[in-house]
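Novice: just the structure for this:
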Amino acid sequence: MRYSLTLALLLAATGSAHAADAPRRTEAECTALANRVLGYGVAQVASAKLTAEDGPSPAACTVQVHFTESELKFEARLPMTGWNGKLAFLGGGGFDGVISPPTMPYVSPSVLADRYATMTTNGGHDASRNPLTYFNADFAYDAAKLVDFTYQSEHRALPAGKELIQAFYGSVPTRSYFEGCSMGGHDALIEAQRYPGDFDGIVARAPAGNVLGLFERFHRTAMAVDAKGGSLNDAKQTLLAKAVLAQCDKLDGIEDGILAKPSACNFDARKLRCPDGKDTGDTCLSDAQLATIEAVTAKLSLLDGLVTHEGFFFGGENSEKGWGEYIWPQLALLNNSMHGLFSQGFLRAFVMRDADFDVKKWKAESAVPQLKTIKALFQADDPDLSKFAARGGKLILWNGMTDVSVSPKETALYYDRVVKTMGQADADKTVELFFAPGVGHCFGGPGADQVDLLRAMAQWVEQGTRPSQQSLIAKHVPTPAATRPLCKYPSYARYGGSGDVNDAASFRCSTD
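Specialist: Just a heads-up that it's a prediction; the model follows:
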């Protein structure tokens with residue numbers, strides 16, 4: 001749930017042609033939207049200006065909308081020409097607080113290429129521009145901002161956005177889609193579960209639905225790494241990574257440094273234990289370091305199941321888009337980890353509501369009422385999608401396999417619970433799950449991380465062809481020639497034994 005590429009890198013339909021009768025709009029028509037009141041006074045246009053074409057981004061009327069009695073804001077980008085008649089609502093990330101552009105690397109390229117009107121909110125509050133105070137999540141002390149952030153910002157913004165689109169184009173969208181990753185993936189699940197009438201199709205990448213379990217896991221790994229001798233230096237990370245690959249890399253029929261089926265990797269890190277469990281160098285792991293690995297990978301269940309988490313897979317232990325992204329401390333974060341920063345803010349602001357709370361003293365058992373309150377607001381793991389399915393809604397789930405923010409184990413568990421609740425036949429009409437081996441949180445890593453899931457969703461909704469029937473191919477962006485088939489869970493891409501290892505045609509989706 002990295003905040004828009006970790007605070008924007010620490011703050012920083014189908015593929016058919018555009019409709020021939022798509023409206024062409026002028027700059028004067030764009031700027032005329034300024035100060036327009038929406039939703040009978042609940043929101044107002046703060047600015048409306050023409051944004052010139054820039055690379056993949058078409059010329060658009062970029063509109064900032066502010067709600068009148070809250071800090072909720074959204075940005076709409078309305079193509080000046082070639083609008084496809086549809087809306088793509090894009091989710092945020094982390095603790096939100098800013099509006100991310102539609103050019104983020106985890107957004108399907110068809111959002112721009114197919115000329116959707118887009119919307120993105122700030123999650124109900126404006127964040128601090130200081131990357132470190134940002135993680136304090138001070139907005140959560142405000143009840144209205146907390147409610148907007150946890151479950152209702154997109155739902156509240158959607159009607160005003162559609163009204164704005166109608167004012168500009170003369171018609172409302174014929175289809176409305178949602179795509180988000182991380183906390184945006186959480187919001188995607190919130191929409192499917194709580195507001196099933198909002199969207200025709202929803203793409204949930206790395207969906208952080210099990211919020212309580214996720215932050216408890218973050219806290220435990222951060223405490224383990226921070227404990228005396230608990231962190232693994234670069235050499236020990238590489239030792240662990242090589243041992244995992246030596247045992248499990250071949251499980252998909254090819255040695256390529258990527259675990260395509262980590263669920264079958266029954267790796268036991270204790271075989272790397274130092275004599276007597278003491279740290280005697282870079283060729284073994286101490287008991288404190290093994291405790292850290294267990295904190296990352298082991299399943300947990302607390303308070304009769306109130307707080308649970310499946311743990312993370314092995315793989316990518318020495319990768320910047322694997323364990324290095326969230327688990328290992330980073331100097332840029334004052335030698336803290338993303339797990340540590342996020343869990344500290346969550347425990348203080350969301351649960352204990354005390355900015356001075358000592359997170360080292362955190363015990364879930366002492367805060368059961370608070371956890372239940374936050375779970376009711378924030379949790380997005382309801383497997384009953386019957387209302388969403390009844391109106392023909394479609395949901396695509398996607399997760400990177402080396403993601404150590406949103407666990408692919410958790411995403412698989414959610415999908416399995418949906419199937420158990422709805423039955424396989426009905427679930428197949430509504431939801432499909434895909435995993436991306438070797439891919440970190442939302443994007444990046446050695447695996448094939450780029451696939452246009454919004455275009456696949458539009459084809460599913462509008463033509464009835466499920467994504468798993470579309471022969472989806474994922475690309476590895478640094479080397480676009482490297483491709484893999486995107487396989488519907490529980491199948492995975494297995495090398496056929498011959499052919500170019502960078503060609504998806506050399507792989508098949510297998511359940512072996």
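Novice: so which bits of stretch 29-36 are buried?
Specialist: Within stretch 29-36, the residues that count as buried by 16 or more other C-beta atoms under 10 Å are 29-30, 33, 36. C-beta: built from backbone N, CA, C; applies to glycine.
Novice: typed the wrong thing, it's stretch 350-362
Specialist: Residues of stretch 350-362 classed as buried by neighbour count (16+ other C-beta under 10 Å): 350-352, 357, 359, 362.
Novice: now find how far off-centre that stretch is within its chain.
Specialist: Counting by C-alpha atoms, centre = their mean, to the nearest Å, stretch 350-362 is centred 26 Å from the centre of its parent chain.
Novice: list of residues touching it?
Specialist: Stretch 350-362 is touched from outside by 136-138, 140-141, 146, 219, 223, 343-344, 347-349, 367, 370-371, 374, 378, with contacts defined as C-beta atoms under 8 Å, 6 or more residues apart in numbering.
Novice: would you write a ChimeraX line that selects the buried entries of those?
Specialist: In ChimeraX, this line selects whichever of the contacts of stretch 350-362 come out buried by 16+ other C-beta under 10 Å:
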select :136,137,138,140,146,219,223,343,344,347,348,349,367,371,374,378
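Novice: what bits of this protein have low per-residue confidence?
Specialist: Along the chain, segments meeting pLDDT under 70 span 1-22, 331-334, 478-481.
Novice: closest to Pro58 among the buried residues of stretch 350-362?
Specialist: Taking C-beta to C-beta as the measure, Pro58 lies nearest Phe350 of those, at 38.9 Å.
Novice: wait, a helix at that closest one?
Specialist: Yes. Read with DSSP: H, G, I helix; E, B strand; the rest coil, Phe350 is one of the residues of a helix.
Novice: and it, how far from Met223?
Specialist: Distance, Phe350 to Met223, by C-beta to C-beta, to the nearest Å: 18 Å.
Novice: same check on Thr238?
Specialist: Taken as C-beta to C-beta, the span from Thr238 to Met223 is 24 Å.
Novice: coming back round to it: now the buried residues of stretch 29-36 as TSV including distance to Ile396 and secondary structure?
Specialist: Listed next are these as TSV, based on distance: C-beta to C-beta, whole Å; DSSP: H, G, I helix; E, B strand; the rest coil:
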residue	distance to Ile396	secondary structure
Glu29	35	helix
Cys30	33	helix
Leu33	32	coil
Arg36	34	coil
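Novice: which of those residues sits closest to Lys250?
Specialist: Where these are concerned, and distances follow C-beta to C-beta, Lys250 has its nearest neighbour in Cys30, at 56.8 Å.
Novice: can you pull out the helices in the stretch 101-250 of the chain?
Specialist: Taking DSSP state H, counting those that start in this stretch, the helices of the stretch 101-250 of the chain run over residues 110-113, 131-134, 143-147, 153-169, 183-194, 211-226, 234-248.
Novice: buried deepest among these, which one?
Specialist: Looking across the helices of the stretch 101-250 of the chain with neighbours counted as mean count of other C-beta atoms under 10 Å, the highest average goes to helix 183-194: a mean of 27.
Novice: Ala235 and Gln289, how far apart?
Specialist: Note on Ala235: its distance to Gln289, by C-beta to C-beta, is 12 Å.
Novice: Tyr141 contacts Phe149, doesn't it?
Specialist: No. At 11.7 Å, Tyr141 and Phe149 do not qualify as touching, with contact defined as C-beta atoms under 8 Å.
Novice: can you list residues touching both of these two?
Specialist: By C-beta under 8 Å, 6+ apart, no residue touches both Tyr141 and Phe149.
Novice: and stretch 240-248, how far out from the chain middle?
Specialist: Distance, centroid of stretch 240-248 to centroid of chain: 27 Å (C-alpha atoms, centre = their mean).
Novice: what lies in contact with it?
Specialist: If you take C-beta under 8 Å, 6+ apart as the criterion, stretch 240-248 is touched by 232, 255, 257, 259, 262, 264-265, 267, 269, 271-272, 285, 293, 314-319.
Novice: let's see 6 Å
Specialist: Outside stretch 240-248, the residues that touch it by C-beta atoms under 6 Å, 6 or more residues apart in numbering are 259, 265, 267, 272, 314, 317-318.
Novice: for those residues, work out which two are farthest apart.
Specialist: Spanning the widest gap among the contacts of stretch 240-248 are Leu259 and Leu272, at 17.5 Å by C-beta to C-beta.
Novice: please say which of those two ends up with more neighbours.
Specialist: The residue with the greater number of neighbours, taking Leu259 and Leu272 and applying other C-beta atoms under 10 Å, is Leu259; the counts read 28 against 18.
Novice: let me see the contact set for the more buried one.
Specialist: Counting by C-beta under 6 Å, 6+ apart, Leu259 touches 248, 265, 315.
Novice: now do Asp382
Specialist: Residues near Asp382 by C-beta under 6 Å, 6+ apart: Gln193.
Novice: mind checking the SS state of it?
Specialist: Secondary structure assignment for Asp382 (three-state DSSP): coil.
Novice: so the nearest residue to Gln470 once chain neighbours are set aside, which state does it fall into?
Specialist: Closest residue in space to Gln470, ignoring its immediate chain neighbours: Ala456 at 5.7 Å, by C-beta to C-beta, 6 or more residues apart in numbering. Under the three-state scheme (three-state DSSP), the conformation of Ala456 reads as helix.
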